[in-house]
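Visitor: Structure of the sequence below:
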Amino acid sequence: MVATAVDVKEPTQKRLSMQVANIAEDTTTLRSQDWDRDRFDIEFGLQNGTTYNSFIIRGQKTALVDTSHAKFREQYMAALKGEIDPATIDYIVISHTEPDHSGLIRDVLALAPDAIVVGAKVAIAFLEDLIHQPFERQIVKSGETLDLGNGHVLEFINAPNLHWPDTIFTFDHKTGILYTCDAFGAHYCDEDTFDEDLEALSPDFRFYYECLMGPNARSVISAMKRMDKLDGNITTIATGHGPLLRHHLEELTGRYREWSQQKNNADTQIAVFYVSDYGFSDRIAQSIAKGIDKTGVGVEMIDLRSADAQDVNEVVSRSTGIIIGMPPSTGKGSEATRAALGTILAGVNSKKTFGLFESYGGDDEPIDPLHTKLQDLDLKIAFEPIRIKDTPTEAVYQLCEETGTDLGQDLAQSKKIKKIKALDADLQKALGRISSGLYIITATKGDVQSAMLASWITQASFEPLGFTVAVAKDRAIESLMQVGDTFVLNVLEEGNHLPLMKHFLKRFPPGADRFAGIRTRPANNNSPILADALAYLECEVSSRMELSDHWLVYCTVDDGKVSKEEAITAVHHRRVGNYY
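Guide: Here you go, the predicted structure:
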């Protein structure tokens with residue numbers, strides 16, 4: 001493999017670079033490396049930047065698989081011209097039309113006007129709206145092939161909802177490379193073209209799955225069943241983000257299969273309907289779905305614009321809850337979305353819950369008539385309509401995630417009670433005799449703040465100074481405790497802990513200010529220090545280990561102070577050990 005890289009700077013001085021590498025016979029990757037990107041679609045914080053991967057396959061004819069983000073226009077086009085004459089491109093394969101992969105298609109077509117754009121039917125329709133110019137096209141379905149010559153036969157695999165409705169995979173039978181766009185990727189920027197360092201990659205690989213693929217677990221399973229028909233001939237998975245999978249291919253695809261089966265086996269499921277590429281519908285839906293997914297409740301995302309009526313009916317019938325993002329009232333695609341809404345209304349019954357949200361698309365169907373209609377059908381209101389009147393901020397996305405988490409917790413409550421009752425009473429009492437201190441964790445990221453009462457905390461190292469904290473997967477603050485995030489551990493004082501304990505034990509509505517009425521001051525890391533705490537520690541998340549229902553988070557300590565030398569830490573004694 002030969003790789004070259006050229007560094008450039010954005011006006012903001014954030015590092016951007018291009019890596020060009022040969023990854024197989026007649027096959028080259030152009031990796032746009034965004035080293036310092038710390039947000040993806042604002043709602044997902046990144047720790048290690050990201051990459052946007054594009055590929056050139058040269059047979060007797062030449063195919064370009066995906067392009068790059070528009071921010072890389074100059075660098076990407078220069079790298080492309082350095083490898084081939086763009087005018088010789090015969091096909092542009094569109095894995096899906098999200099702008100981070102298709103942002104430069106117009107630029108490529110300007111230099112290759114005779115190139116044929118290859119994609120799913122939905123992708124071609126989306127692309128027409130994206131580039132607003134005529135182009136040659138070839139719509140492909142699962143199992144269809146495209147022969148580039150010299151043995152490079154491309155086979156296409158439908159993979160809708162991973163994580164857009166128009167996604168296709170492309171398999172090159174000569175090299176054994178499967179091009180999967182978002183699936184199996186990671187927001188992880190590194191010099192290594194491939195997945196050489198599994199330990200370093202694993203946290204971002206899992207976080208990426210939870211954010212983007214977990215809410216579409218059923219679609220992941222369907223896509224992997226189609227992959228299985230390739231008879232084990234896959235040598236490399238060429239992802240759209242992060243390193244390509246080759247060294248640990250079986251291990252990482254196995255993780256996808258296991259995680260998705262676990263989510264697909266959930267007893268309760270919620271359907272989230274949205275409209276891709278309309279306002280902020282897909283991003284809001286993703287945030288709500290992420291919140292639901294954290295509770296162990298199954299979630300399935302469906303695009304109203306491209307959903308088949310039979311599929312919609314089946315999803316509605318097996319779902320306990322229905323969440324709908326309001327579609328556009330006029331324009332292209334509005335007829336299809338209205339038909340999908342009609343199918344939903346025909347399939348719901350009084351046993352289901354529902355919630356609605358607007359997406360700031362500029363032409364949303366009015367939310368109140370649909371809300372009234374669903375109430376008239378005796379459906380239970382899961383949450384009051386979320387009305388987005390401006391470009392969503394981090395706080396809005398956090399509100400959406402918390403809304404999803406609240407809904408998931410409510411629906412999972414009966415199952416949780418059964419588990420609590422199932423444990424042997426003597427064992428419950430014995431486990432409950434493990435005592436612990438009482439603490440309040442406070443965290444700030446951007447314009448989002450959160451807090452939680454914690455007791456499962458233990459010092460874990462001297463050098464560096466560090467401790468572990470167990471955080472339930474469905475806690476709102478969990479999203480602010482990823483590797484690299486900072487927070488404050490506030491130690492409560494014996495005899496003076498009840499007011500703070502009662503305050504932070506309350507169930508806060510989604511988006512509520514958890515610090516209203518509480519005296520605080522900002523720490524050096526900007527998280528709140530509670531004025532009435534006995535001591536505080538400023539901390540950074542170093543690593544995370546997944547447990548069945550908690551994350552065990554290892555943190556290092558940067559600073560701290562005790563306010564009362566003679567006071568002691570409040571201690572928590574439980575009667576039983578299988579719930580708080």
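
Visitor: helices or strands next to the helix or strand encompassing residue 355 in the packing?
Guide: Residue 355 belongs to strand 353-357 when assigned by DSSP states H and E. Judged by 3 or more C-beta pairs under 8 Å, 6 or more residues apart in numbering; DSSP states H and E, strand 353-357 is in contact with helix 281-293, strand 321-325, helix 367-376, strand 380-381, helix 394-422. From N, CA and C alone the C-beta is placed, and that goes for glycine too.

Visitor: Those: lowest mean pLDDT?
Guide: Sorting the helices and strands packed on strand 353-357 by mean pLDDT places helix 394-422 lowest, at a mean of 80.

Visitor: if you average pLDDT over the strand holding residue 355, what comes out?
Guide: Strand 353-357 comes out with an average pLDDT of 95.

Visitor: what sits up against it?
Guide: Under the contact criterion C-beta atoms under 8 Å, 6 or more residues apart in numbering, strand 353-357 has outside partners 284-285, 288, 320-326, 348, 367, 370-371, 374, 379-383, 385-388, 400, 403, 407, 411.

Visitor: What is the burial count for residue 282?
Guide: Residue 282 is surrounded by 22 other residues when neighbours are defined as other C-beta atoms under 10 Å.

Visitor: Would you mind measuring from it to residue 486?
Guide: Between residue 282 and residue 486 the distance is 30 Å, computed by C-beta to C-beta, to the nearest Å.

Visitor: follow-up on the earlier one: let me know the angle separating the strand holding residue 355 from helix 281-293.
Guide: Strand 353-357 and helix 281-293 are oriented at 140 degrees to each other (axes from the mean of the first three to the mean of the last three C-alpha atoms, to 10 degrees).

Visitor: ok and strand 353-357 relative to helix 367-376, angle-wise?
Guide: Using the same axes, to 10 degrees, one finds that strand 353-357 and helix 367-376 are set 180 degrees apart in direction.

Visitor: hey, where'd the strands end up in the stretch 101-250 of the chain?
Guide: When secondary structure is read from DSSP state E, counting those that start in this stretch, the stretch 101-250 of the chain shows strands at 116-119, 136-139, 145-147, 153-158, 168-172, 177-181, 236-239.

Visitor: quick one, domains of the chain?
Guide: The chain is divided into the following domains under automatic domain parsing: 3-262, 266-412, 427-572.

Visitor: if we can go back for a sec, any chance of the helices and strands packed on strand 353-357 in a markdown table, with distance to residue 94 too?
Guide: Conversion of the helices and strands packed on strand 353-357 to a markdown table gives the following (distance: least, C-beta to C-beta, whole Å):
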| stretch | distance to residue 94 |
| --- | --- |
| helix 281-293 | 17 |
| strand 321-325 | 24 |
| helix 367-376 | 33 |
| strand 380-381 | 40 |
| helix 394-422 | 27 |
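
Visitor: Show me the one of those that comes nearest residue 342.
Guide: With C-beta to C-beta, the closest approach to residue 342 among the helices and strands packed on strand 353-357 belongs to helix 367-376: 11.0 Å.

Visitor: circling back: give me whichever of the strands of the stretch 101-250 of the chain is most buried.
Guide: Using mean count of other C-beta atoms under 10 Å, the stretch among the strands of the stretch 101-250 of the chain with the greatest mean number of neighbours is strand 177-181 (a mean of 27).

Visitor: how far is that one from where the chain is centred?
Guide: Relative to its parent chain, strand 177-181 has a centroid offset of 19 Å by C-alpha atoms, centre = their mean, to the nearest Å.

Visitor: what's the distance between residue 243 and residue 230?
Guide: Note on residue 243: its distance to residue 230, by C-beta to C-beta, is 21 Å.

Visitor: May I see the strands of the stretch 101-250 of the chain arranged in JSON lines, with mean pLDDT and distance to residue 221 as well?
Guide: Below are the strands of the stretch 101-250 of the chain laid out as JSON lines (pLDDT from 0 to 100; distance: least, C-beta to C-beta, whole Å):
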{"stretch": "strand 116-119", "mean pLDDT": "96", "distance to residue 221": "23"}
{"stretch": "strand 136-139", "mean pLDDT": "95", "distance to residue 221": "25"}
{"stretch": "strand 145-147", "mean pLDDT": "97", "distance to residue 221": "24"}
{"stretch": "strand 153-158", "mean pLDDT": "96", "distance to residue 221": "14"}
{"stretch": "strand 168-172", "mean pLDDT": "97", "distance to residue 221": "14"}
{"stretch": "strand 177-181", "mean pLDDT": "97", "distance to residue 221": "15"}
{"stretch": "strand 236-239", "mean pLDDT": "97", "distance to residue 221": "16"}
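
Visitor: can I get these in a markdown table with distance to residue 436?
Guide: A markdown table is the format used below for the strands of the stretch 101-250 of the chain (distance: least, C-beta to C-beta, whole Å):
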| stretch | distance to residue 436 |
| --- | --- |
| strand 116-119 | 55 |
| strand 136-139 | 60 |
| strand 145-147 | 61 |
| strand 153-158 | 50 |
| strand 168-172 | 48 |
| strand 177-181 | 44 |
| strand 236-239 | 42 |
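
Visitor: how about low-confidence regions in the chain?
Guide: Applying pLDDT under 70 to the predicted model, the residue ranges of the chain that meet it are 1-14, 39-45, 231, 414-424, 577-580.

Visitor: which residues of it fall in helices?
Guide: Per DSSP state H, the chain has helices spanning 73-83, 99-102, 105-111, 121-131, 198-208, 217-228, 249-264, 281-293, 309-318, 334-347, 367-376, 394-422, 425-432, 498-505. These are given in chain order.

Visitor: Could you report the neighbour count for residue 560?
Guide: The number of residues near residue 560, taken as other C-beta under 10 Å, comes to 15.

Visitor: What sits closest to it if chain neighbours are left out?
Guide: Excluding the flanking residues, the one nearest residue 560 by C-beta to C-beta, 6 or more residues apart in numbering is residue 537, at 4.0 Å.

Visitor: what's the neighbour count on that neighbour?
Guide: Summarising burial for residue 537: neighbours were counted as other C-beta under 10 Å, giving 21.

Visitor: Between residue 243 and residue 230, point out the one with more neighbours.
Guide: Summary of the neighbour comparison: residue 243 and residue 230, criterion other C-beta under 10 Å, with residue 243 having more neighbours (27 against 15).

Visitor: how about residue 319, what does it touch?
Guide: If you count contacts by C-beta under 8 Å, 6+ apart, residue 319 has them with 269-271, 300, 352.

Visitor: can you list those residues in TSV and add distance to residue 547 and neighbour count?
Guide: Rendered in TSV, the data for the contacts of residue 319 read as follows (distance: C-beta to C-beta, whole Å; neighbours: other C-beta atoms under 10 Å):
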residue	distance to residue 547	neighbour count
269	24	19
270	24	30
271	29	25
300	25	23
352	32	21
